[in-house]
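1. could you work out the structure for the sequence below:
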Amino acid sequence: MTRTSNSKYAIILMASLTLLSMAMLRHSLATPANDQKENDRIRNSGTVLTEVLNVPDDIPRDLLAKTRCVIVLPSVLKAAFVAGADYGRGIMTCRTGKDFTGPWGAPTMMALEGGSFGFQIGWEATDFVILVMNNRGAESLLHSKVKLGADASIAAGPKGRELEADTDATMRAEMFSYSRSRGIFAGVSLEGTTLRPDNDANRRLYGKNVSAIEIIKESKVEAPESAHTLIATLQQASPKLQGSNS
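-> Okay, the predicted model is just below:
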């Protein structure tokens, strides 16, 4: 073998090793077994939900008992909606089983986009909690992007004794939404915003391509350790589904 041949062989070998190293690096970055950012988001969601349910004039327990899924979006920066440069991210966890009648299951990551919250727009971060009240609302969120108020009905959630005086609205609405900012907990309308599954975040969290349907309906993944507080809080507050509104 000539010196020229040896040089060509060395160049080809080095190029091959470089390409292999780059491919391995891309794979490790794209599909981590456990993404810290997503786990932190789940932990924050569990903390928000625990605190919200401990507010004296909080989400009525009989309303929570009829809820199929709960969405928590911690620390949404509303100013980002004004600039159109960002969106809120959080989680959705549902009761397991075909008709959402089982115990609370593993979370799917969610994204909230667009919209305007009127007087609430500002630079402070706001926590949002959304209750999904029937099977139709839950199914729609698992399959595609949903525009709230158009594709699915949503109303400001009643608090405490307000539920008794608003029975008709309770029967009609597919979702109820709440906000917490600067310590103030209130029902708030999110009409005009869109909700969708964040499948990229699901891949980072679970380490594989897995859809919201596979997580929620088919139970193809186990809930991460970071979801312990979230699920335990819901299981304690509302262990069984009541009512059959579909």
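2. mind listing the strands in this structure by residue range?
-> Under the criterion DSSP state E, strands of the chain are mapped to 69-77, 88-94, 108-113, 125-132, 146-147, 154-156, 175-181, 184-187, 194-197.
3. residue contacts, the residue most central in space within the chain?
-> Central residue of the chain (CA atoms, centre = their mean): I91, 1.9 Å from the mean position. By CB atoms under 8 Å, 6 or more residues apart in numbering, the contact set of I91 is R41, I42, S45, I71, V72, P107, T108, M109, M110, A227, L230. For every residue, glycine as well, the C-beta is placed using N, CA and C.
4. quick check: L63 vs A201, distance?
-> Using CB to CB, to the nearest Å, L63 is found at 28 Å from A201.
5. spell out which residues make up each domain of this protein.
-> The chain is divided into the following domains under automatic domain parsing: 1-30, 33-237.
6. any idea of the mean pLDDT in the longest one?
-> Mean pLDDT, domain 33-237: 85.
7. L190 against S177, yeah?
-> Yes: judged on CB atoms under 8 Å, L190 makes contact with S177 at a distance of 4.7 Å.
8. hmm, back to that, now render the domains of the chain as TSV, adding distance to G243.
-> As requested, the domains of the chain are exported to TSV (distance: least, CB to CB, whole Å):
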stretch	distance to G243
domain 1-30	43
domain 33-237	4
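9. just name the most buried of those domains.
-> Comparing the domains of the chain by mean neighbour count (mean count of other CB atoms under 10 Å), domain 33-237 ranks first with a mean of 18.
10. residues contacting T108?
-> Shown in contact with T108 (CB under 8 Å, 6+ apart): I91, M92, T93, L142, P197, D198, N202, A212, I215, I216.
11. show me what the second one is bridged to.
-> When bridges are assigned using DSSP bridges, the partners listed for M92 are I71, T108.
12. do I have it right that it meets M110?
-> Yes: the criterion here is CB under 8 Å, and M92 meets it with M110 at 4.9 Å.
13. quick check: neighbours shared by the two?
-> In the contact map built from CB under 8 Å, 6+ apart, the residues linked to both M92 and M110 are I71, L141, P197.
14. mind listing what the closest residue to G243 other than its chain neighbours touches?
-> Nearest residue to G243, sequence neighbours excluded (CB to CB, 6 or more residues apart in numbering): K66, at 4.5 Å. Neighbouring residues of K66 by CB under 8 Å, 6+ apart: M133, L241, Q242, G243, N245.
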